[in-house]
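Colleague: Build me a model from this:
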Amino acid sequence: MRFTSLFIAALFILQPCSSQTAVAQIAASQADSSVSPQVRFTSGNRALFSPLVADPKEPRFAVLNVLAGNQLLLDIGGTIDLVRVNFQSPSPTEAQHAAAFGADFGTFTLLRKENDFKFPVEAIDYIFGINVSYRQPVVIFSEKVSVSARLRLSHISAHFVDGHYDGDNQEWRDAKPPFVFSREFFNFVVAVEGGREAIGGRIYLGYEWIFHTLPNGFGTSVLQTGAEVYSNEFLAGAVTPFAATDLRLLSLGEAGRNAGGGDATTGMFSVQAGIKTGAMRGRGLRIAVNYQSGLDIHGMYFYRRIEQWSLGLVIDL
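Modeller: As a prediction, this is how the structure comes out:
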């Protein structure tokens, strides 16, 4: 028994390289497993690419009261990641290196305010599609920032509803009967987000290619840019003051020029400012003032130019 023990010990001493190699292989295996991509289905987190705050065409849950006039805006929808691939272990203090595949569903509804708490629906736009997104932490000018991108393929269609029909006179309001309006498009946005402990922000640039429209003859290109700024330490982070802006430049095409007064291009400018419960990129409630100028976002009124202020609530899920 003693001889056997001595023999085994001698083998171990005479072959140190093998044992060290085994240890190294185990360590390497553990290191590889810690950085290997992790795939998650139907993650409970918010979308990897945070929705653009001031973009009125982002699917969202919102109710906005138009301050001058008798209109109400009601948006229902959102973006959800169906599959997410994490390229590093999640960190509560740093941006996550990850990619995701998701879906977008939403409605943009225009209601009219009447007496007795009635809100006839005048027009509604439906949007649905899919998206892929990517995010990676990088260092720019010695500052840690998060670079993210999102590519969406979407369909949107617009419809008049019974609230646009004048039942007393048996005719469509403003002599505008319904017509077929739909678009299919790709939208690509690249964003950079960063900041200090107290203040954070994001800037972004995007392009939209509309490859199919009804009616025909509309422009196919949209340039988009915007910025967001928010406070991280207001009231110890219980609420987050924020401000955001979004600008779109559209090529109208022949049909759009005829309806819009002859301009080859036009802009859509949006601003949103207010406070949000909790962190800016987390779930919460936004109490916001909105300003919109330019073409109406509702397809049935694509020819109409608006300038309006609204006040309301936005729920970030």
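Colleague: Next, the buried residues of stretch 74-91.
Modeller: 74-81, 84, 86, 88 (16 or more other Cβ atoms under 10 Å). Glycine gets a C-beta too; all of them are placed from N, C-alpha and C.
Colleague: Give me the distance from stretch 208-228 to the chain's centre.
Modeller: Offset of stretch 208-228 from its chain centre (Cα atoms, centre = their mean, to the nearest Å): 17 Å.
Colleague: First-to-last residue distance for it?
Modeller: Stretch 208-228 stretches 20 Å from its first residue to its last (Cα to Cα, to the nearest Å).
Colleague: what does stretch 194-205 give?
Modeller: First-to-last residue span, stretch 194-205, Cα to Cα: 15 Å.
Colleague: show me where this protein has helices.
Modeller: 2-14, 16-35, 253-260 (DSSP state H).
Colleague: what stretches of the chain score poorly on pLDDT?
Modeller: 1-35, 42-44, 89-95, 254-264 (pLDDT under 70).
Colleague: So which elements touch the longest strand along it?
Modeller: Taking DSSP state E as the criterion, the chain has its longest strand at strand 121-140. Judged by 3 or more Cβ pairs under 8 Å, 6 or more residues apart in numbering; DSSP states H and E, the packing partners of strand 121-140 are strand 71-86, strand 98-112, strand 143-160.
Colleague: hmm, 6 Å instead?
Modeller: strand 98-112, strand 143-160 (3 or more Cβ pairs under 6 Å, 6 or more residues apart in numbering; DSSP states H and E).
Colleague: Pipe these into JSON lines and attach mean neighbour count and distance to Phe61 per row.
Modeller: Formatted as JSON lines, these follow (neighbours: other Cβ atoms under 10 Å; distance: least, Cβ to Cβ, whole Å):
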{"stretch": "strand 98-112", "mean neighbour count": "20", "distance to Phe61": "9"}
{"stretch": "strand 143-160", "mean neighbour count": "18", "distance to Phe61": "18"}
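Colleague: how about the ones you listed, which one is nearest Phe41?
Modeller: Among the helices and strands packed on strand 121-140, the nearest to Phe41 by Cβ to Cβ is strand 98-112 (10.1 Å).
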